[in-house]
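Student: sequence first, predicted model second:
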Amino acid sequence: MFPNSIVRTRTGLYRLYSTLKAQHVEINGVKYTTNPKICNVTDSIINLTDKALHLKESHPVGILRDLIEKKLNSIDKSFKTFNNFRPVVTTMENFDSLGFPKDHPGRSKSDTYYINETHLLRTHTSAHELECFQRIKNNIDGSKAGFLISADVYRRDEIDKTHYPVFHQMEGATIWKRTEAKDGSKEPTHIVKIRDDIKSVEDQLKKENVKITVSDDTLPLKEDNPKQEYMTDLEVDLCSQHLKRSIELVVSEVFNKKITSMVESKSNDIPKQLKVRWINAYFPWTAPSWEIEVWWQGEWLELCGCGLIRQDVLLKAGYKPSETIGWAFGLGLDRIAMLLFEIPDIRLLWTSDERFLKQFSKGSISSFKPYSKHPGSFRDVAFWLPMDKPDVHQVHENDLMEIIRNIAGDLVESVKLVDDFTHPKTGRKSLCYRINYQSMDRNLTNAEVNALQDTVCSKLVEEYGVRLR
Ligand code: PHE
């Protein structure tokens, strides 16, 4: 439905632009006028925008969302939940409001799905932070307020077992209203309150079966991850403790649930301790910023980015200067769900096959039992890049992925570059990609795979002007 064409940009690189015949797309019932030079959303992506897996209470993503929400709200119910935001947002919401520099790579069209200059499919739930800070403004009278946002997010990416162009994130934030020290008392009330809040989270942490061992060499803060001027050292220290203990609580809840289910199913290699570590990070709208990683089955898994929210965001949300301090985090749900429920292929999260969906039920963590393994079928596509376009590969691998995904959808398991060769005499460059066609639900026939492969090949010739080998 959306034919594409190659347009030469001023920098001389060839870009794959969608030349939408239709000048409009409809997403979640809203019609948007597209800019054909910018628009790179495809039918297959638009079809995913109303799935809302995070709201399905018996779906692994929905079960995990619910588990984390309940845990975080088990202490004082201070998090207001926002789970119905639609995926189309403005560049202002997704980037500008958060202080993304104009040349930040996250803004590029090879990574992000754009509809026109001003509208895109959100790349993270942080796109709704500003609005949520505005919406909890009246809740902060009780000196503390927070929110949790869960939603589907979109990023153009490669195709394999752990990457899908849509996944789910949960965003969380807490803010405290600052107060002056009252006469006669040593500490302002908000400091006393944050200390109490930290204690409450620590008490919860102590109740977990398997205790978490935390290493944190991000402290003391250094100049590459500095604090904000407007906060005192004590506030930074307390806010970060509350943030870090809250995230650790989420991590220990999730992994303890997993360990319990491993014990019940008498699995091998049940971990006796949970190791996590804090590392420095950078996000334009938090300072300082960190990430947490957990040691799981022999590797460090990145779980969550976070930091102390920049005053700028709070000012934009209508708070008075120096009125509030707080933190925010963002966590990817799909990879954690795959690990918890032992789901080997990310496409399964999107299947409507009852053999998958029937295996899960609200509030319980169980291991997925593969119903059958349908064989994969490999096909190689090898081609010479046009001589005058040597950079096509480096710049546009995601476009190639998109072409394949648009033709074969969830019937592609993975696409891998298997050969990259430059002819020594002519300087001509050739690439070979190996596509694994495999359905999760049924056997594919040879004829069907051949037809898909033929379409992919001719699309590549048409879109890229490549010469097949
Ligand atoms: N939005 C960030 C991401 O997608 C995560 C994040 C959220 C970091 C909130 C800091 C604060 O990577």
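Tutor: Looks like it arrived, so ask away.
Student: for stretch 409-418, the distance to its chain's centre please.
Tutor: Distance of stretch 409-418 from the chain centroid (C-alpha atoms, centre = their mean, to the nearest Å) equals 20 Å.
Student: what about the closest residue to the ligand within the stretch 201-350 of the chain, how many neighbours?
Tutor: At 2.6 Å from the ligand, G330 is the closest residue in the stretch 201-350 of the chain, using C-beta to the nearest ligand atom. In this view, the C-beta of every residue, glycine as well, is placed from N, C-alpha and C. G330 has 21 neighbours, counted by other C-beta atoms under 10 Å.
Student: state the phi and psi torsions of it.
Tutor: phi -140, psi 130 (degrees, to the nearest 10).
Student: for it, which non-adjacent residue is closest in space?
Tutor: The shortest distance from G330 to any residue other than its chain neighbours is 5.0 Å, reached at E171 (C-beta to C-beta, 6 or more residues apart in numbering).
Student: what secondary structure does that neighbour sit in?
Tutor: strand (DSSP: H, G, I helix; E, B strand; the rest coil).
Student: how many other residues sit next to it?
Tutor: So E171, with other C-beta under 10 Å, has 24 neighbours.
Student: please report how far it lies from D217.
Tutor: Using C-beta to C-beta, to the nearest Å, E171 is found at 26 Å from D217.
Student: and for S150?
Tutor: Taking C-beta to C-beta, one finds S150 at 31 Å from D217.
Student: neighbour count: those two, which is higher?
Tutor: Neighbour comparison, S150 and D217: the larger count goes to S150, with 27 against 8 (by other C-beta under 10 Å).
Student: what bridges to the more buried one?
Tutor: Beta-bridge partners recorded for S150 (DSSP bridges): M170.
Student: surely it and H128 touch.
Tutor: No. Counting by C-beta atoms under 8 Å, S150 stays clear of H128, with 10.3 Å between them.
Student: what sits in contact with each of the two?
Tutor: Counting by C-beta atoms under 8 Å, 6 or more residues apart in numbering, the shared contacts of S150 and H128 are 82, 171.
Student: which residues in the stretch 251-400 of the chain form strands?
Tutor: Applying DSSP state E, counting those that start in this stretch to the stretch 251-400 of the chain gives strands spanning 274-283, 286-296, 299-309, 324-332, 377-384.
Student: what do you get for the stretch 1-150 of the chain?
Tutor: 4-8, 14-18, 24-27, 30-33, 79-82, 88-90, 119-121, 144-154.
Student: might you enumerate the residues of the stretch 51-200 of the chain proximal to the ligand?
Tutor: Residues of the stretch 51-200 of the chain lying near the ligand by C-beta under 6 Å from any ligand atom: 124, 126, 171.
Student: show me which of the residues you listed is closest to L98.
Tutor: Nearest to L98 out of those is S126 (C-beta to C-beta; 5.8 Å).
Student: ok, F167 touching D334?
Tutor: Yes. Between F167 and D334 there is a contact under C-beta under 8 Å: 4.4 Å.
Student: if we can go back for a sec, residues touching the residue of the stretch 201-350 of the chain closest to the ligand, list them.
Tutor: 124-126, 169-172, 304-306.
Student: cutoff 10 Å now
Tutor: By C-beta atoms under 10 Å, 6 or more residues apart in numbering, G330 lies in contact with 124-126, 129, 149, 153, 169-173, 283, 286, 304-307.
Student: same thing with R467?
Tutor: R467 touches 382-387, 428, 430, 460-461, counting by C-beta under 10 Å, 6+ apart.
Student: report the buried members of those residues.
Tutor: 382-386, 430, 460 (16 or more other C-beta atoms under 10 Å).
Student: what sits against F383?
Tutor: 429-433, 457, 460-461, 464-469.
Student: now K207
Tutor: 249, 252, 256.
Student: end to end on stretch 121-133, go ahead and measure it.
Tutor: This stretch, stretch 121-133, spans 21 Å end to end (C-alpha to C-alpha, to the nearest Å).
Student: on that earlier part again, need the strands of the stretch 251-400 of the chain in TSV with mean pLDDT, can you?
Tutor: TSV is the format used below for those (pLDDT from 0 to 100):
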stretch	mean pLDDT
strand 274-283	96
strand 286-296	96
strand 299-309	95
strand 324-332	97
strand 377-384	94
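Student: buried deepest among those strands, which one?
Tutor: strand 324-332 (a mean of 23; mean count of other C-beta atoms under 10 Å).
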